[in-house]
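Trainee: show me how the following folds:
(3 chains)
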Amino acid sequence: MQRADFEGDPVTVAPWLLNKMLVHGGQAGRIVEVEAYGGEIDPASHAYRGQTPRTSVMFGPPGHLYVYFTYGMHWCANVVCGPEGQAAAALIRALEPVRGLEDMRLARPAARKERDLCNGPAKLCQALRISGVDNGADLLAAGQGSVVGGGVLLVDDGTPPPKRPARGTRIGIRVGTEKRWRFWVPGQASVSR
DNA sequence: CTTTGGATCGTCT
DNA sequence: GACGATCCAAAGG
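Mentor: Numbers count the residues shown, from 1 in each chain, chains lettered A, B, ... in the order given. All right, here's what the predicted structure looks like:
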């Protein structure tokens, strides 16, 4: 897994992210649902109307984390993809909880079942304690010799993406609803509702 | 099980 | 000044 793997089209990179691990501190989950956002050509993307202070990370190099705040209370996390200068991203919509479940439960007292811990884009940020301070983090910083351990990381544990991912329309948007740019691991309990 | 409405504030018009 | 890449509790069936 290298930075070049993230330079492709978001519709290609997003399903490729399935089954990779998202790690933050002692908590980790397997990505089981994603959505592709196509930057300036995609009316549903935050970057559709060009670069703003909020969306600047999306215009930077791929393999970084774009975190945004919405509805006055929720954080959501994206993997920046596409070449530098082009805004594209994959929204992480759901994780299968893998490690640090006790801390996840502490961070998300509203979750009743294990699958409720990370089955939504804002839920997984709550569970992994991802917030605005993580915006712009380099997801590939592991093994680069610097201070590693506090940041958000993407890890390939060897599990390949599903050969035939399930596919459907994106959720929660009001434009661009015709594009079937949502991908998930078929039969996974932790996909969003 | 499904439907509905409230919470809450940064961002851009 | 409007609205959003959402979540949750409450109410109804």
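
Trainee: near DNA strand C, which residues of chain A show up?
Mentor: Contact residues (C-beta under 7 Å from any atom of the strand) of chain A with DNA strand C: A:35, A:37, A:44-47, A:58, A:66, A:70-74, A:76, A:78, A:89, A:91, A:108, A:110-111, A:116, A:120-123, A:126, A:170-174, A:192. Yep, even glycine has a C-beta here, placed from its N, CA and C like the rest.

Trainee: need the buried ones from those residues selected in ChimeraX.
Mentor: Buried residues among the residues of chain A next to DNA strand C (16 or more other C-beta atoms under 10 Å), as a ChimeraX selection:
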select /A:35,37,44,45,46,47,58,66,76,78,89,91,108,111,116,120,121,122,123,126,170,173,192
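
Trainee: from the residues of chain A next to DNA strand C, which are also near DNA strand B?
Mentor: Answer for those near DNA strand B (C-beta under 7 Å from any atom of the strand): A:71-73.

Trainee: from these, pick the one nearest A:G85.
Mentor: A:Y71 (29.8 Å; C-beta to C-beta).

Trainee: is A:A28 part of a helix or strand, or is it coil?
Mentor: strand (DSSP: H, G, I helix; E, B strand; the rest coil).

Trainee: before we move on, the earlier item: in helices only, show me the residues of chain A next to DNA strand C.
Mentor: A:121-123, A:126 (DSSP state H).

Trainee: what stretches of chain A score poorly on pLDDT?
Mentor: Within chain A, the stretches with pLDDT under 70 are A:143-149.

Trainee: all strands for it, in order.
Mentor: A:21-24, A:27-37, A:65-70, A:74-80, A:89-99, A:152-155, A:166-168, A:182-184 (DSSP state E).
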